[in-house]
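Trainee: here is a sequence with its predicted model. Questions after.
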Number of protein chains: 2
Amino acid sequence: MSPRRTIGVLSRESGVNLETIRYYERIGLLPHPLRSTNGYRYYDETMIKRLRFIRRGRELGFSIDEVKTLLQLADNRDQPCREADRLVQAHLVEVEAKIADLMALRDVLTQLTHCQSPTTEHCRLIETLEQRRCCITSD
Amino acid sequence: MSPRRTIGVLSRESGVNLETIRYYERIGLLPHPLRSTNGYRYYDETMIKRLRFIRRGRELGFSIDEVKTLLQLADNRDQPCREADRLVQAHLVEVEAKIADLMALRDVLTQLTHCQSPTTEHCRLIETLEQRRCCITSD
DNA sequence: CTTGACTCTGTAGCGGCTACAGGGTTCAGG
DNA sequence: CCTGAACCCTGTAGCCGCTACAGAGTCAAG
């Protein structure tokens, strides 16, 4: 008999932090597992898959709620793919907006680098913070 | 006599949320203002500048602690500009890393869009979450 | 005198974890 | 049989940077 899959084992197998697993259970992202008489959680191997699914979804930047939806979609395979596609599209729009924001920010910061002023009296950054109307236009 | 500058007025003048101003005072980013006998905070016009400075620093993505440092630099103009430059550089590195991350993410997401599968049985996103090793390489 | 707009303090919530404290359990080595 | 390490448990608090109350006091216009 292989040793039973406690939370620590599952954590190592799935690559998800042990405390995070308990957190996911608490917020309803993971089902309540079986408990031994000593109160320990024991998991079957389907939980590894489920946690990896969650981890990948999070790595792709989906929120917990979105991951929850995706899990439901994965569990009910007869539903149309449109919902998943919609999530991806919406997320893609957000990511692209964030990229644009950061690139504008990068341009401003680049202009502020390599200021060789011996004092901050004429420091570009400080002057920018004090005088400019607004560096980032959107919002 | 113009009406005294209460926190609400300062909020409107600086573009910083009223509750945020109180929060900044609490964490030591803003000095304690004068108080009237009724307990109301009253601000002089230098506070507008200070708050705008903070707001712009935040818009540029600097953390509260970094903004605190920048405020000190702005207050002590005889110090070399190097410290400010160092902050900008470090921040720029972070921003560029984040852009790179998001662009990789965008590429993955783009590949996942426009899945026309009538069910999620062969949905690209779901399959990706279930099967792929890892979409984002770094970490 | 009332009404409504302001102000105050203190605390709790957001997301997504992470890190304890203070206890119980299990197992291997001596 | 005992000890100690390595687990496990619950519950709560902290992180960041705000934001949103509740419940109270204050002020000025009509």
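Mentor: Perfect, thanks for sending it. The model shown is predicted, which means the values in this text are computed figures rather than measured ones. Numbers count the residues shown, from 1 in each chain, chains lettered A, B, ... in the order given.
Trainee: max-length helix in chain A?
Mentor: helix A:82-112 (DSSP state H).
Trainee: buried residues, it. List them.
Mentor: For helix A:82-112, a neighbour-count test (16 or more other C-beta atoms under 10 Å in any protein chain shown) marks A:83-85, A:87-88, A:91-92, A:95, A:98-99, A:101-102, A:105-106, A:108-109, A:112 as buried. (Glycine included, C-beta is placed from N, CA and C.)
Trainee: of all of chain A, which residue lies closest to DNA strand D?
Mentor: A:G8 (2.5 Å; C-beta to the nearest atom of the strand).
Trainee: near that residue, how many other residues are there?
Mentor: 12 (other C-beta atoms under 10 Å in any protein chain shown).
Trainee: so it sits against A:L18, correct?
Mentor: Yes: contact criterion C-beta atoms under 8 Å: A:G8 and A:L18 qualify, at 6.0 Å.
Trainee: sorry, back to before: part of a strand, is the residue of chain A closest to DNA strand D?
Mentor: No: membership of A:G8 in a strand is not supported by DSSP: H, G, I helix; E, B strand; the rest coil, which gives helix.
Trainee: circling back to that earlier point, and the longest helix of chain A, what does it pack against?
Mentor: Applying 3 or more C-beta pairs under 8 Å, 6 or more residues apart in numbering or on different chains; DSSP states H and E, one finds that helix A:82-112 contacts helix A:64-75, helix A:124-131, helix B:82-112, helix B:124-131.
Trainee: mind checking the pLDDT average for that helix?
Mentor: For helix A:82-112, mean pLDDT is 91.
Trainee: do that helix and DNA strand D meet at all?
Mentor: No: contact of helix A:82-112 with DNA strand D (C-beta under 7 Å from any atom of the strand) is absent, the minimum separation being 14.7 Å.
Trainee: B:C123 versus A:D78, what's the distance?
Mentor: Separation of A:D78 from B:C123 (C-beta to C-beta, to the nearest Å) stands at 12 Å.
Trainee: for the nearest residue to A:E45 once chain neighbours are set aside, give me the pLDDT.
Mentor: Nearest-residue entry for A:E45: A:R5, 7.3 Å, with adjacent residues in sequence omitted and distances by C-beta to C-beta, 6 or more residues apart in numbering or on different chains. Per-residue confidence (pLDDT) for A:R5: 94.
Trainee: how is chain A divided into domains?
Mentor: Domain assignment for chain A, taken from automatic domain parsing, gives A:7-63, A:82-131.
Trainee: looking at those domains, which one is packed in the most?
Mentor: domain A:82-131 (a mean of 17; mean count of other C-beta atoms under 10 Å in any protein chain shown).
Trainee: residues from chain A in reach of DNA strand D?
Mentor: A:T6, A:I7, A:G8, A:V9, A:S11, A:L18, A:E19, A:R22, A:G39, A:Y40, A:R41.
Trainee: beta-bridge partners for the last one, please?
Mentor: Listed beta-bridge partners, A:R41: A:R35 (assigned using DSSP bridges).
Trainee: list the contacts for A:P31?
Mentor: A:E25 (C-beta atoms under 8 Å, 6 or more residues apart in numbering or on different chains).
Trainee: can we see that at 6 Å?
Mentor: Shown in contact with A:P31 (C-beta atoms under 6 Å, 6 or more residues apart in numbering or on different chains): no residues.
Trainee: looking at chain A, which helix or strand is least sure?
Mentor: The weakest-scoring helix or strand in chain A, judged by mean pLDDT, DSSP states H and E, is helix A:124-131 (a mean of 81).
Trainee: quick one, it and helix A:82-112 angle?
Mentor: For helix A:124-131 against helix A:82-112, the angle by axes from the mean of the first three to the mean of the last three C-alpha atoms, to 10 degrees is 110 degrees.
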